[in-house]
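Chemist: Fold the following.
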Amino acid sequence: MPFQTAVAIVATIAVVIFGGSLLGVQPFRSGAAANAAEIAPPPGLFAPPAAADTVAVAAGPGGDAAPAAREIAENLARSWNGVKTVPYDGDPGGSDCSHKPFTAYVRVTDIAGEIGLELSDCAGWPVDQWYVPHQGDVRASALAVLLRMRTWTVFNPRLAETLFGSGLAYDPAHAQPSYYYSLFRTADGEMRAYVRPGGPAYVAGLRTDDIVEKIDGQFWWDYGTFQAQARANDGKPHTYVIKGRTTDRTIQLGAPFTP
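Modeler: Alright, predicted model coming up:
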């Protein structure tokens with residue numbers, strides 16, 4: 001690609017990214033809050049309508065994480081049309097979204113010579129993350145990683161609309177049923193759950209760090225690690241036996257969320 005053409009493309013993207021609107025509309029305003037009532041989601045899946053277009057910004061580990069987070073919060077509130085920011089020191093994954101004052105959560109880090117920006121929904125469910133080399137100029141590094149996030153909104157407009165409008169990133173045009181949980185094997189050999197608060201798996205009683213013993217009546221190792229983990233993403237209503245300290249409990253998934 002000729003250098004001049006590449007420069008023109010980058011310049012065009014920059015205009016879109018820092019313009020007052022996104023693809024001809026407000027960057028994160030959408031009908032997601034209204035649609036939420038129509039599809040009757042599980043309680044706490046979405047943030048309240050008053051939280052729309054509000055981003056919580058927090059500083060993670062690293063010496064320059066806090067000043068970088070301040071730069072990102074100020075730029076979001078000043079330059080992204082219609083976007084508000086709020087500080088948040090809690091764990092967004094500790095509760096559902098029913099009373100959250102924000103739809104998206106941004107965590108800024110300074111680790112191993114890189115400024116990082118981790119984007120999550122209102123319940124701490126990961127959306128995406130970006131990292132840029134930290135050359136010593138906090139403001140420049142913060143704006144560079146924020147540009148990565150803004151570029152993501154340009155190339156993923158529906159995910160951005162639903163995330164910032166309602167608190168959950170999904171594309172109604174490519175709807176896939178989901179329970180919003182995953183299974184992962186830890187170093188101790190156990191199969192554990194990672195669960196989004198407010199999602200269908202959470203409503204059914206599954207919790208993060210629950211130890212899964214059986215899936216649909218069989219020990220998970222009878223399936224194999226990969227096959228057992230894959231069941232969390234197939235959109236089907238599985239039954240889990242969860243190991244307890246004194247007694248096991250059974251979790252029966254209900255209906256998944258389907259946009």
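Chemist: Give me the residue ranges of the stretch 1-150 of the chain where confidence is low.
Modeler: Across the stretch 1-150 of the chain, the ranges flagged by pLDDT under 70 are 1-39.
Chemist: Do I have it right that residue 219 meets residue 213?
Modeler: Yes. Contact criterion C-beta atoms under 8 Å: residue 219 and residue 213 qualify, at 6.6 Å. Quick note: C-beta positions are derived from backbone N, CA and C, even for glycine.
Chemist: which one of those two has more residues nearby?
Modeler: Taking other C-beta atoms under 10 Å, residue 219 and residue 213 do not tie; residue 213 has more neighbours (18 against 13).
Chemist: ok, and what's touching the helix or strand hosting the more buried one?
Modeler: Using DSSP states H and E, the element containing residue 213 is strand 211-215. With contact meaning C-beta atoms under 8 Å, 6 or more residues apart in numbering, strand 211-215 is reached by 183, 190-193, 219-220, 223, 228, 231, 238-243, 248.
Chemist: try 7 Å
Modeler: Strand 211-215 has contacts (C-beta atoms under 7 Å, 6 or more residues apart in numbering) with 183, 190-193, 219-220, 223, 228, 231, 238, 240-243, 248.
Chemist: any idea how far that strand is from the chain center?
Modeler: 26 Å (C-alpha atoms, centre = their mean, to the nearest Å).
Chemist: I'd like the next helix or strand past it.
Modeler: Criterion used, DSSP H and E; the element after strand 211-215 is strand 218-219.
Chemist: which helices and strands does the next helix or strand after that following strand pack with?
Modeler: Once strand 218-219 ends, the next helix or strand along the chain (criterion: DSSP H and E) is helix 220-223. Contact partners of helix 220-223 among helices and strands, from 3 or more C-beta pairs under 7 Å, 6 or more residues apart in numbering; DSSP states H and E: strand 211-215.
Chemist: So for the strand it packs on, mean pLDDT?
Modeler: Mean per-residue pLDDT for strand 211-215: 97.
Chemist: of the contacts of strand 211-215, closest to residue 255?
Modeler: Closest approach to residue 255 among those (C-beta to C-beta): residue 238, at 12.7 Å.
Chemist: Perfect, I'm done here.
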